[in-house]
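[1] structure for the following, please:
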Amino acid sequence: MKRSHAGREALVIGGGPAGLMAADILSAAGLKVVVAESKPTVARKFLMAGKSGLNLTKEEALDSFTEAYEESTPSLRPMLSIFGPKQVRGWAEELGQETFEGSSGRVFPTVMKASPLLRAWLVKLDRQGVQFNTNWRWIGGMFDFETSSGRMALTPDITVLACGGASWARLGSDGAWVSWIDTPVAPFKPANMGFHVRWSPHMERHFGSPVKNVILTAGDKSVQAECVVSERGIEGGGIYAVSRRMREGHALKFDLIPALSLNEVRHRLKRPRGKLSMSNYLRKVLRLDPVKQALMMEHGFPLPSDLAPLIKSLPLDHAGPYSTGEAISTAGGVMFAGLDEGLMIKERPGIFVAGEMLDWEAPTGGYLLTACLATGRWAGQHALRWLDCMT
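    Predicted structure coming up:
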């Protein structure tokens, strides 16, 4: 027999994807749900991520998909096995947003925007009676908030914390909650971020230039992708994919011509140079564009007589990652060891944790959003089960 949740109250702190998913589960079960959001509107980071095309998830076999979370895979796999790529697509389409799979397996809404999906979701939550309290900043306690009307305190039956990590503070994820949460928290580190490079003066004319069709390698991670030379350093999708290994101290290396083997590059470099400048020679025999040649010049002079190994494994020194606040996401957060299998804080019965507050990291490409949705759903479902057991 299904239990009635009439008169029971749930609090969700944080109006991002994890918090909204928890609120969806809880309100659909009949609870009175309050979402407390520190910003004037919800899901700001979600909307920002969707400006260039909302990458919902990635169509990939579950084993391969979950491997992206590395050491957190055992903790996240139960959630992702229930709400993984296929379920995320189904959820979006139930909200009226058709999806498509790109050439790399990444999945996007057909409209390539986040706002229609969010609007449809908020309409659903409104119909389920969810109350949104915006400009409510959690300041600790059980549970105290600063609001435009003064200080407020709530006493819910169950709570889901979905306050985000510590990236993009202006959008709401500032990590301030660390100082008053009563469970072990791993220190935050930047994830999916660019790296500072002290460029030589000759690089200035290449600022903003994409470095296309290269293989980037750091440690045991390699990806064929693009990156961008900026005034501050090196960034973009390819860099984000290997950023964890770079953060951990592994060197960054470029294969500037993935289509050719080392021996093939050597063979082409045996062609007579004649009166061509080195720049024109490399452009003619290897089709190296100006920005790739400029990266080679960063290696320093004199260049080796055998250029082929340098072209196939060009090292680039950097001066460390961009700050945590500038990163797309963060590593660190509430450690799984302090939570039960339902994501409830062991020392705080009735309080659950979801989303980027948890200690996991993943590359871009749909992994981040999928895990936020899956953990929010899991926390909401287990909060309901706990409440039923306590009734």
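
[2] what about Pro309, neighbour count?
    Residues near Pro309, counting by other C-beta atoms under 10 Å, number 12. In short, each C-beta sits where N, CA and C put it, glycine included.

[3] sorry, slip of the keys, the one I care about is His382.
    Neighbour count for His382, taken as other C-beta under 10 Å: 20.

[4] for the top helix by length along the chain, list the C-alpha coordinates in CSV.
    Counting by DSSP state H, the longest helix found in the chain is helix 367-390. The C-alpha coordinates for helix 367-390 follow below in CSV (Å, rounded to 0.1, in the frame of the first residue of the first chain):
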residue,chain,number,x,y,z
TYR,A,367,28.9,13.3,-18.1
LEU,A,368,28.5,16.3,-15.7
LEU,A,369,24.8,16.9,-16.3
THR,A,370,23.9,13.3,-16.4
ALA,A,371,25.5,12.6,-13.0
CYS,A,372,23.8,15.7,-11.5
LEU,A,373,20.4,14.5,-12.7
ALA,A,374,21.0,10.9,-11.6
THR,A,375,22.2,11.8,-8.1
GLY,A,376,19.4,14.3,-7.6
ARG,A,377,16.9,11.6,-8.6
TRP,A,378,18.6,9.0,-6.3
ALA,A,379,18.7,11.4,-3.3
GLY,A,380,15.0,12.3,-3.8
GLN,A,381,13.9,8.6,-4.0
HIS,A,382,15.9,7.6,-1.0
ALA,A,383,14.7,10.6,1.0
LEU,A,384,11.2,9.3,0.4
ARG,A,385,12.1,5.8,1.5
TRP,A,386,13.7,7.1,4.7
LEU,A,387,10.7,9.2,5.4
ASP,A,388,8.4,6.2,4.9
CYS,A,389,10.6,4.1,7.3
MET,A,390,10.3,6.9,9.9
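
[5] give the buried residues for that helix.
    Judged by neighbour count (16 or more other C-beta atoms under 10 Å), helix 367-390 contains these buried residues: 367-384, 386-387.

[6] what's the answer for stretch 136-148, then?
    For stretch 136-148, a neighbour-count test (16+ other C-beta under 10 Å) marks Trp136, Arg137, Trp138, Phe143, Phe145 as buried.

[7] show the end-to-end separation of that stretch, please.
    8 Å (C-alpha to C-alpha, to the nearest Å).

[8] how far is the helix-or-strand element of the chain with minimal mean pLDDT from where the chain is centred?
    For the chain, using mean pLDDT, DSSP states H and E, the weakest element among its helices and strands is helix 44-49, scoring a mean of 92. Mean-position distance between helix 44-49 and its chain equals 11 Å (C-alpha atoms, centre = their mean, to the nearest Å).

[9] which residues does that helix contact?
    With C-beta atoms under 8 Å, 6 or more residues apart in numbering as the test, helix 44-49 has contacts from 16-17, 54-55, 114-115, 118, 164, 168, 171-173, 369.

[10] could you identify the helix or strand that succeeds that helix?
    As assigned by DSSP states H and E, the chain's next helix or strand after helix 44-49 is strand 57-58.

[11] surely Ala166 meets Ile328?
    No - counting by C-beta atoms under 8 Å, Ala166 sits too far from Ile328 to count as a contact (11.9 Å).

[12] who has more neighbours, those two?
    Ala166 (27 against 19).

[13] can I see the domain layout of this structure?
    Domain ranges of the chain: 9-190+323-390, 195-316, per automatic domain parsing.

[14] out of these, deepest packed?
    Stretch with highest mean neighbour count among these: domain 9-190+323-390 (a mean of 20; mean count of other C-beta atoms under 10 Å).

[15] start to end distance for that domain?
    14 Å.

[16] before we move on, what about stretch 328-345?
    26 Å.
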